[in-house]
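Enquirer: I would like the atomic coordinates for the input below:
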Amino acid sequence: MTGEEKFQVDLEGYLIIKNVLSDDEIAEMNDIIDNGERQGPPSLWGEPFKRLIDHPKILPYLLELLGPHVRLDHDYAIFMEAGPHINGLHGGEDGGGPGGPEADHWYKYRDGIMRNGLSVMTYNLADAPAGAGGFSCIPGSHKSNFLRDIPLEVRRFERPVHYVVQPALEAGDVVFFTEALVHGTMPWTADHQRRSLLYKYSPGHSSWSNIYYDISKYGELTEQQKRMLLPPSIGSRPRVVDKEG
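Expert: Residues are numbered from 1 along each chain as shown. So this is what the prediction gives:
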């Protein structure tokens, strides 16, 4: 990560990583979505989706932001047509308290190192221009101490406010965000379908999902992908390494 990217994540809690996927990768995955059988999470839909587990352009960010024992916690897709469906603003560090459902939603900084709990890499397979809806958030809310004071009508997108943003995205872009950030899904307004693949990662010692990956379903995996699909643990956990970095 560049110094500017680290500054952005620390400041806002999310980062747009441009042009991660090539046109060929986007076309291949969209063709599978349109014509293939899709059983289970996207990581099981075929080789192009399996490669997203540790995509070489994304892995350096995962290591910088979650540490060398990062694991894939769960993944799923969001496909949306124009309409009223929304997923209101949620997330943040104070939802549920210790041991609650959001206890792993955290962001920490110490001595020049950032670390995050449950975090998301969202691969965009279609454009999401400004005003189209989809991913939205309150920048900087991953460090706020007053999350419970966000009005309900703001959480439901019933009252527009300047501090809720919907960043413009292009197909091939990836959005990183920590689940400590207040975020949600605005109604989709574009004529084309929203297509987003959400791969959610945790530090090696923790898990949000109570269902772990069965690597026997994945066919051939690299040793690194096997490490990233391991259940959570602490003792003797193997490290994930960016061989290109």
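Enquirer: burial of Ile86, as a residue count?
Expert: 17 (other Cβ atoms under 10 Å). All C-beta atoms are positioned from the backbone trio N, CA, C, and that covers glycine.
Enquirer: what about the strands in the chain?
Expert: 14-17, 71-80, 87-90, 107-110, 113-116, 119-124, 134-137, 174-178, 183-186, 194-202 (DSSP state E).
Enquirer: shouldn't Ile17 be in contact with Leu59?
Expert: No - between Ile17 and Leu59 there is no contact under Cβ atoms under 8 Å: 11.7 Å.
Enquirer: between the strands of the chain, which gets the lowest average pLDDT?
Expert: Mean pLDDT values for these show the minimum at strand 87-90, a mean of 92.
Enquirer: Need the residues that contact that one.
Expert: By Cβ atoms under 8 Å, 6 or more residues apart in numbering, the surrounding residues in contact with strand 87-90 are 136-138, 150, 154-157, 164, 182-185.
Enquirer: what's near enough to touch the nearest residue to Ile58 once chain neighbours are set aside?
Expert: Spatially, and ignoring its direct neighbours in sequence, Ile58 is nearest to Met121 (5.7 Å; Cβ to Cβ, 6 or more residues apart in numbering). Contact analysis of Met121 by Cβ under 8 Å, 6+ apart lists Leu52, Ile58, Tyr61, Leu62, Val174, Val175, Phe176, Leu198, Tyr199, Lys200, Tyr201.
Enquirer: now Val9
Expert: Counting by Cβ under 8 Å, 6+ apart, Val9 makes contact with Met1, Leu15, Leu65, Met114, Phe176, Thr178.
Enquirer: which other residues reach stretch 151-164?
Expert: For stretch 151-164, using Cβ under 8 Å, 6+ apart, the contacting residues are Ile86, Gly88, Leu89, His90, Ser136, Cys137, Ile138, Pro139, Gly184, Met186, Pro187.
Enquirer: top helix in the chain by residue count?
Expert: Criterion DSSP state H: the longest helix present in the chain is helix 23-35.
Enquirer: got the angle between that helix and strand 71-80?
Expert: Relative orientation of helix 23-35 versus strand 71-80 (axes from the mean of the first three to the mean of the last three Cα atoms, to 10 degrees): 70 degrees.
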